[in-house]
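# no sequence for this one, just the structure:
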């Protein structure tokens, strides 16, 4: 359990008690994994884990596209106030109907943005994207359907834009909040499945997006967060080859708090000598320049102002109140 998570729990508990964003019904301890927790909401009030202005639209969007809420019940998000998916939705969903604001947000990372394109249902940000096809040949459920947000590789969010060179670029967003990982290999699933068998064809293909010459072994990628990085990169590569959504380029953008130091640790013994941080190592392994970009949440969101985003003043106030760390060291 990471130190950043432990520091966030009391802060989120105070936010629930004192912020005014929650009803009285949402303020008692919530049950999570069988125990009452101060940093959780009652499951009946779990929708209040979202920014008030998006509660209805986000729930409707997830329901329309059969997207799974992580740890959610009855079509509602997780009741855990430190939930990563909830954090991602709170930060990004308000931009789904604001293409101009979204472009202003992303231009420091992608300066060639000319205009944003909607991804689905008229939204300029979509969530839990799994690709139009089962490109990674992952196991499908008995009903033959893949589930967005569960049991297959999903990008936390996706955006799309036209560049100044008129190429269309799709960006898969991998979002982190309080996550931290240990040095446990995920090569063998709890079911006994050898996961290397699933992804080996993509890894050993002639056009693999990963620089295999820098690796001492394929199995070194089966440690989090590298296991996630690998699958996201494969998904982006296969979507680009298929020109999904009309894309000429598909890349991965990783967003995580600079304050979460535990996430930076290099968990794979095979990769330990390739860099100083997990994201730095992965960037060095991706062949295409710009194929993987990592930016801190503080860098991307910390310097936003009401003058830049006048139509999103209420959202800015909420983010600053709930995730106060986002404005600390934003220049870093």
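Perfect, I can see it now. Not measured: the values here are computed from a predicted model.

# pretty sure residue 112 is touching residue 165, no?
Yes - using CB atoms under 8 Å, residue 112 makes contact with residue 165 at a distance of 6.7 Å. Quick note: C-beta positions are derived from backbone N, CA and C, even for glycine.

# higher neighbour count, these two?
Using other CB atoms under 10 Å as the criterion, residue 112 and residue 165 rank with residue 112 on top: 12 against 9.

# how close does the more buried one get to residue 41?
To residue 41, residue 112 is 41 Å away according to CB to CB, to the nearest Å.

# now residue 11
For residue 11, the distance to residue 41 - CB to CB - is 15 Å.

# contacts for stretch 290-303?
91, 105, 108-109, 209, 229, 233, 236, 251-259, 279-280, 282-283, 286, 319, 323, 325-332 (CB atoms under 8 Å, 6 or more residues apart in numbering).

# repeat that for 6 Å
When contacts are defined by CB atoms under 6 Å, 6 or more residues apart in numbering, stretch 290-303 is touched by residues 109, 251-255, 257-258, 279, 282-283, 286, 326-327, 329-330.

# top of these by neighbour count?
Sorting these by how many neighbours each has (other CB under 10 Å) puts residue 282 first, at 26 neighbours.

# so who does residue 95 touch?
By CB under 6 Å, 6+ apart, the residues touching residue 95 are 101, 102, 125.

# can you count the residues close to the nearest residue to it once chain neighbours are set aside?
Using CB to CB, 6 or more residues apart in numbering and skipping residues adjacent in sequence, the residue nearest residue 95 is residue 102, 4.3 Å away. Using other CB under 10 Å, residue 102 has 21 other residues around it.

# now swap in residue 132 and tell me
With other CB under 10 Å as criterion, residue 132 counts 11.

# am I right that it is in contact with residue 245?
No - using CB atoms under 6 Å as the test, residue 132 is too far from residue 245 to be in contact (8.1 Å).

# what is the most centrally placed residue in the chain paired to in the beta sheet?
Geometric centre of the chain, nearest residue: residue 175, 2.4 Å, by CA atoms, centre = their mean. Applying DSSP bridges to residue 175 gives these bridge partners: residue 255.

# what's it in contact with, if anything?
Residue 175 makes contact with 88, 156, 255 under the criterion CB under 6 Å, 6+ apart.

# how close does the last one get to residue 127?
Taking CB to CB as the measure, residue 255 and residue 127 are separated by 14 Å.

# same deal with the first one?
Distance, residue 88 to residue 127, by CB to CB: 7 Å.

# neighbour-wise, which of the two wins?
Of the pair residue 88 and residue 127, residue 127 is the one with more neighbours under other CB under 10 Å, namely 27 against 22.

# what's that one in contact with, if anything?
Contacts for residue 127 (CB under 6 Å, 6+ apart) come out as residue 157.

# quick check: phi and psi at it.
The phi/psi pair for residue 127 (degrees, to the nearest 10) reads phi -130, psi 150.

# the stretch 151-300 of the chain: strands as residue ranges?
Applying DSSP state E, counting those that start in this stretch to the stretch 151-300 of the chain gives strands spanning 155-163, 168-175, 249-256, 292-296.

# can you put these in CSV and add mean pLDDT and distance to residue 143?
Listed next are these as CSV, based on pLDDT from 0 to 100; distance: least, CB to CB, whole Å:
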stretch, mean pLDDT, distance to residue 143
strand 155-163, 98, 23
strand 168-175, 98, 26
strand 249-256, 98, 28
strand 292-296, 98, 34
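
# so which of these is nearest residue 141?
Among the strands of the stretch 151-300 of the chain, the nearest to residue 141 by CB to CB is strand 155-163 (19.4 Å).

# who does that closest one touch, helix- and strand-wise?
Where contact means 3 or more CB pairs under 6 Å, 6 or more residues apart in numbering; DSSP states H and E, strand 155-163 is packed against strand 113-117, strand 126-129, strand 168-175.

# out of the ones you listed, which one sits most buried?
Mean neighbours per residue, mean count of other CB atoms under 10 Å, is largest over these for strand 126-129, with a mean of 25.

# state the distance from the closest residue in space to residue 233 that isn't next to it in sequence to residue 32.
Spatial nearest neighbour of residue 233, chain neighbours left out: residue 209 (5.3 Å); criterion: CB to CB, 6+ apart. Residue 209 is 38 Å from residue 32, where distance means CB to CB.
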